[in-house]
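>>> sequence first, predicted coordinates after that:
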Amino acid sequence: MGSAPHDPTPARTPDGVRLITLAAEAALPTRFGDFRVVAFDSVDGKEYGAVVKGDVRGHTGVPVRLHSECFTGDVMGSLKCDCRDQLEAALRYIGRVERGAVLYLRQEGRGIGLSNKIRAYALQDAGLDTVQANHALGFEDDLRNYALAAQMLQELGIPSIRLLTNNPKKAEGLVEHGIVVEGRIALAVAPNVHNARYLATKKAKSGHLL
């Protein structure tokens with residue numbers, strides 16, 4: 001992440017609440033390029049991670065992907081979503097440029113958790129779309145919050161970003177927490193027979209720019 005020293009002052013919300021602290025970092029060679037892997041400790045008891053390419057501290061317009069964890073897609077290669085495809089597209093993009101970062105957020109199932117996501121899968125198997133399934137379980141379409149992501153960017157010393165996303169709500173969430181979003185970089189991934197309805201629902205009901 002360059003030679004600039006890390007500011008030991010932890011990131012805080014505008015009202016001074018400390019949510020997250022950079023805990024450790026090390027070199028991480030990957031199939032997408034050479035990165036630094038960074039671990040964060042959080043007040044919610046979870047550990048968060050990021051990979052960083054190049055010197056990002058103090059630079060503006062840094063390409064950044066906020067990626068919410070997806071056990072079924074990222075780890076198991078599920079074809080029901082496009083999560084792993086988007087993650088790999090973002091890593092390939094950042095691996096080719098001078099600097100950038102991917103933040104890995106502990107918000108499984110758009111914030112409803114793994115068990116509830118699998119319950120939603122079962123409802124989708126019965127004919128509901130993703131939004132209808134969440135509502136049937138008593139949840140909103142998307143429960144994710146980007147306060148921790150904003151503080152991770154602050155800890156990394158990134159004053160402004162270009163966001164790799166198809167979801168304008170992510171940009172809105174970061175701006176709400178004080179991050180300057182200079183623009184959006186689209187992530188185009190091809191649909192498959194298993195996730196075509198999922199992607200159509202993202203566009204029609206969740207406002208994703210697909």
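Received the coordinates, thanks.

>>> beta partners for His67?
Tyr104 (DSSP bridges).

>>> send over the longest helix anywhere in the chain as PDB, restricted to the C-alpha atoms.
Counting residues, the longest helix in the chain under DSSP state H turns out to be helix 83-96. Extracted C-alpha coordinates of helix 83-96, given in PDB (Å, rounded to 0.1, in the frame of the first residue of the first chain):
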ATOM      1  CA  CYS A  83     -21.700 -12.700  -7.000                       C
ATOM      2  CA  ARG A  84     -18.600 -14.700  -7.800                       C
ATOM      3  CA  ASP A  85     -18.600 -13.400 -11.400                       C
ATOM      4  CA  GLN A  86     -18.800  -9.800 -10.100                       C
ATOM      5  CA  LEU A  87     -16.000 -10.500  -7.500                       C
ATOM      6  CA  GLU A  88     -13.700 -12.000 -10.100                       C
ATOM      7  CA  ALA A  89     -14.500  -9.200 -12.600                       C
ATOM      8  CA  ALA A  90     -13.600  -6.600 -10.000                       C
ATOM      9  CA  LEU A  91     -10.300  -8.400  -9.000                       C
ATOM     10  CA  ARG A  92      -9.300  -8.700 -12.700                       C
ATOM     11  CA  TYR A  93     -10.000  -5.000 -13.300                       C
ATOM     12  CA  ILE A  94      -8.100  -3.900 -10.200                       C
ATOM     13  CA  GLY A  95      -5.300  -6.300 -11.000                       C
ATOM     14  CA  ARG A  96      -4.700  -4.500 -14.300                       C
END
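
>>> contacts for it next, please.
30, 32-33, 35, 51, 53, 63, 65, 67-68, 70, 73-74, 77-78, 100-102, 164, 166, 185, 187-190 (Cβ atoms under 8 Å, 6 or more residues apart in numbering). C-beta coordinates here come from the backbone N, C-alpha and C atoms, glycine included.

>>> could you tell me which of those residues belong to strands?
30, 33, 35, 51, 53, 63, 65, 67-68, 100-102, 164, 185 (DSSP state E).

>>> which residues of this protein score low on pLDDT?
Scanning the chain for pLDDT under 70 picks out the ranges 1-16, 198, 203, 205-207, 209-210.

>>> how close does the residue sitting furthest away from the middle of it sit to Met152?
In terms of distance from the mean C-alpha position of the chain, Ala126 ranks first, at 28.8 Å (Cα atoms, centre = their mean). Separation of Ala126 from Met152 (Cβ to Cβ, to the nearest Å): 37 Å.
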